[in-house]
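> Output the structure for:
(one chain, ligands or ions: 1)
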Amino acid sequence: MAKIRLYIDHPLAAGQPVALEQGQAHYLSGVMRQKPGDRVRVFNGRDGEWLAELDQIGKRGGSVTPVEQSAPQQDPPDLWLCFAPIKKARTDFIVEKAAEMGAARILPVQTDHTNSERIRQDRLQAHAIEAAEQCGGTYVPPVDDLTPLSRLLDGWDDARRILWADEALAGPAQTLAGLQGGPWAILIGPEGGFSATERARLRSLPFITPVSLGPRILRADTAAVAAMALWQASLGDWR
Ligand code: SAM
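Prediction:
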């Protein structure tokens, strides 16, 4: 079975050639030494995974032709991850892990104690794509642009519940037994935690469920992974 997996943002169907991006062509020919006739696996986030044959390949470009579907499309459960961006490498880590853990959408939020005022959405999206390529997933979660938490909550559809990782509850870890399935989002704060104003608003909203992630205060990147594991094990596709 071909080992190399590539995300290709084009419809995939048997016998229909698709162009490679320059970076992908360079990686395949220059780094992985692939030649015409070699096989790779490709996916586009919608049409499952396909075994595909390299037609032509050079450092500047190339194309592949899907031969047969090697895995069906598998979408994650309806779980969003909302998190306050932190330092660059740790934000990259959160996006990468969210894609691996099965987030359906990734929403960076600006909170009162968030340090950064902007993010490189394109770079974070590329991290989500790379994570999907490496973990064997066929779905790539979209990464939104940075949105203020207050604006996100103003327009929130209350059919989607929010699991709020509340550092003030640090103590005995909680199980999610008794919570209903359906659309959910996880909310993780920044290094400085949530402000008093944010805490008051979050506590007043009917669609919020505050949770403890155990007795220790976790770094935001650890907390994001821990909360997703907790949710996946109780309500998601780990069951
Ligand atoms: N500066 C804050 C403090 O000292 O209380 C800690 C913020 S923590 C580094 C970053 C985020 O991770 C928090 O806003 C929360 O969402 C989550 N978090 C970390 N540990 C947690 C815990 N034990 N229970 C619930 N949430 C936690």
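> which residues does whatever residue of the chain ends up closest to the ligand contact?
With CB to the nearest ligand atom as the measure, G189 is the residue of the chain nearest to the ligand, at 2.3 Å. C-betas here are computed from N, CA, C, even on glycine. For G189, the contact set (CB atoms under 8 Å, 6 or more residues apart in numbering) comprises A84, T111, H113, A165, E167, A220.
> Can you check the pLDDT for L169?
L169 is assigned a pLDDT of 96 by the prediction.
> before we move on, what about I94?
pLDDT at I94 comes out at 98.
> cool, and L149?
The model's pLDDT for L149 equals 98.
> just checking, it touches H113?
No: the criterion here is CB atoms under 8 Å, and L149 misses it with H113 at 10.4 Å.
> got any residues that touch both of the two?
Counting by CB under 8 Å, 6+ apart, the residues touching both L149 and H113 are A84.
> So the two - more neighbours on which side?
Each of L149 and H113 has its neighbours counted (other CB atoms under 10 Å); L149 has more, 22 against 14.
> Relative to D237, how far out is that one?
27 Å (CB to CB, to the nearest Å).
> ok, now L218?
If you go by CB to CB, the gap between L218 and D237 works out to 23 Å.
> Compare neighbour counts for those two and give me the winner.
L218 (17 against 12).
> all helices of the protein, in order?
In the chain, the helices defined using DSSP state H lie at 22-26, 88-101, 121-135, 149-154, 196-204, 220-235.
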